[in-house]
Each structure stands twice: as C-alpha cells, then as structure tokens.
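J.: kindly generate the corresponding structure for this input.
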Amino acid sequence: MNESKNGSRIKHIAIAGNIGAGKTTLCTQLGKQFNWSVHYESTENNPYLSDFYLDMQRWSFNLQIYFLNNRYQQILKIHEGDTTVVQDRTIYEDAFIFAPNLHDMGLMSSRDFQNYFELFKTMSSQIKPPDLLIYLKAGIPTLVSHIQARGRDYEGSMSLDYLKRLNERYENWIKDYKEGKLLVINVDNIDFKNDPEDLGKVVNMVSAELHGLF
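T.: A predicted model of the protein is given here:
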C-alpha cells in the first residue's frame, strides 16, 4: 500500500475530464503502471444512458441520480478497502458540471435539481476527497476526435454546444478546486493512448505528484 508523508494510506486517485478526454484509457494505463485497482464509470450497464441521449429532458434526473449513487458506492468501497484505487470520473463532476448544465439547458427542472443537489451535499459530507485529482484538459476538436474514434452509438447525437457548455463548467470547477491535490494534464498535445513516450511523460508527472504525498 502506498503511504503519504504523514503515514496515512494513499487510497484514492481520481481522473476527471469531459466526455472523450481519455479518462478510461488513462485509468487503465495507470492501473497497470502502478498496480492500482481501477473503478470504471458504469456506461456499459447503465440502464438510463441510451434513453437519456434520445430524450434528455425525460431522463436527466434519473440518469444523474444513478451516477450519483454509483459514484458514492464506489467511494465507500475505496474507503473501506485496503488497496489504492484509480477512479474514472468523480462525484464532484456529476454535481458541479453535468447536473447544473442540464438544469441551465432546461433539461432538468429546478425542483429536481435542488433535490439532487441536496442529496449530493449529504453524500459528500460523508466522504473524503481523492488523495490526488488528475484533470484531463482538452479542447473541443480533441474531444470530438476521441468520441468519433470510439463510435458509441448513443454519443452520435451529442451536439458541439453541449460539449462546449461542459468544457466551460470544467474550467470553472478546476479553477476553484480546493478539495485536495490537483494535477492538470493538457491532452490536446499529448497522446498517451498511442504514444509510449507520451505515456511515459504522464506517468512521470503522476509519480512526481505522488512523491509529494509519500
């Protein structure tokens, strides 16, 4: 088990970033590199996701509650376990980016959003933030390129406006992130999926941050 300078265990590394930023890919690579367990975002068995992309207004609240519960359960398991886990997306992104964006776009009612956010506040008061948050910063062309390359059917109807709105929220959230240690990686000019040298650079950046925790 990795330990930080003060002797406490490093249990939780989280990767944040917009749709198509490369979170899942980096989770897998860091898991292999550092021998960490990986908690992926549950997109394959998500019962709401494809319905949501077809009718966002109808399914937005259901989807966000599903993600919130799923992420909360993951964090509880991380706290209870004795291994270091790298997590694909954080509970904060659901609450500060995706849900308020849906509310602002008129796709989630104020009543539903307030109900959702009160639940998030209750949950977040019961958990600790990640030991290290890695934010994958990406421009719209990079995101679109990644989304098209993976070819998920339900993402085909996603608008550029939607991605832009999310990106603006990500930038504002990260600018004010004070929960814990933060590493920002600009993925517009780095290809850790296909270029071993670029992956090496990212691994070195993460190692440097972790040594600050050890």
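
J.: okay, CA-based contacts and neighbour counts for the rest of this
T.: Fine.

J.: centre-most residue in this protein?
T.: Arg89 (1.8 Å; Cα atoms, centre = their mean).

J.: how about that residue, nearest residue that isn't a chain neighbour?
T.: Nearest-residue entry for Arg89: Ala16, 4.8 Å, with adjacent residues in sequence omitted and distances by Cα to Cα, 6 or more residues apart in numbering.

J.: just Val203 next, same as before
T.: On the basis of Cα to Cα, 6+ apart, the spatially nearest residue to Val203 that is not a chain neighbour turns out to be Leu30, at 7.3 Å.

J.: how about Lys181?
T.: Sequence neighbours aside, Leu132 is the residue nearest to Lys181 in space, at 4.9 Å (criterion: Cα to Cα, 6+ apart).

J.: show me where the chain has its strands.
T.: Using DSSP state E, the strands of the chain run over residues 12-17, 37-39, 85-88, 132-137, 181-186.

J.: now the helices for the protein?
T.: When secondary structure is read from DSSP state H, the chain shows helices at 23-34, 49-54, 56-80, 91-93, 99-104, 110-124, 140-150, 160-175, 196-213.

J.: circling back to that earlier point, what's near enough to touch the residue nearest to Val203?
T.: Leu30 is in contact with 36, 86, 203, counting by Cα atoms under 8 Å, 6 or more residues apart in numbering.

J.: ok, now Asp191?
T.: Residues in contact with Asp191, defined by Cα under 8 Å, 6+ apart, are 198-199.

J.: list phi and psi for it.
T.: Geometry field for Asp191 lists phi and psi as phi -120, psi 80, criterion degrees, to the nearest 10.

J.: just Asp55 next, same as before
T.: The phi and psi torsions at Asp55 (degrees, to the nearest 10) take the values phi -150, psi 80.

J.: equivalent analysis for Trp36, please.
T.: Dihedral angles of Trp36 (phi, psi; degrees, to the nearest 10) stand at phi -100, psi 150.

J.: which one of the strands of the chain is the most hemmed in?
T.: Neighbour counts averaged per stretch over those are highest for strand 85-88, at a mean of 26; criterion: mean count of other Cα atoms under 10 Å.

J.: packing partners for it?
T.: Counting by 3 or more Cα pairs under 8 Å, 6 or more residues apart in numbering; DSSP states H and E, the packing neighbours recorded for strand 85-88 are strand 12-17, helix 23-34, strand 37-39.

J.: now that strand - C-alpha only, CSV.
T.: Extracted as CSV, the C-alpha positions of strand 85-88 are listed here (Å, rounded to 0.1, in the frame of the first residue of the first chain):
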residue,chain,number,x,y,z
VAL,A,85,-7.8,2.7,-6.5
VAL,A,86,-7.9,4.9,-9.5
GLN,A,87,-11.4,6.1,-10.3
ASP,A,88,-12.8,7.0,-13.7
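
J.: run through this structure and note the low-pLDDT ranges.
T.: Per-residue confidence of the chain (counting by pLDDT under 70) places the weak regions at 1-8, 42-43, 151-158, 213-214.

J.: right, I'll leave it there.
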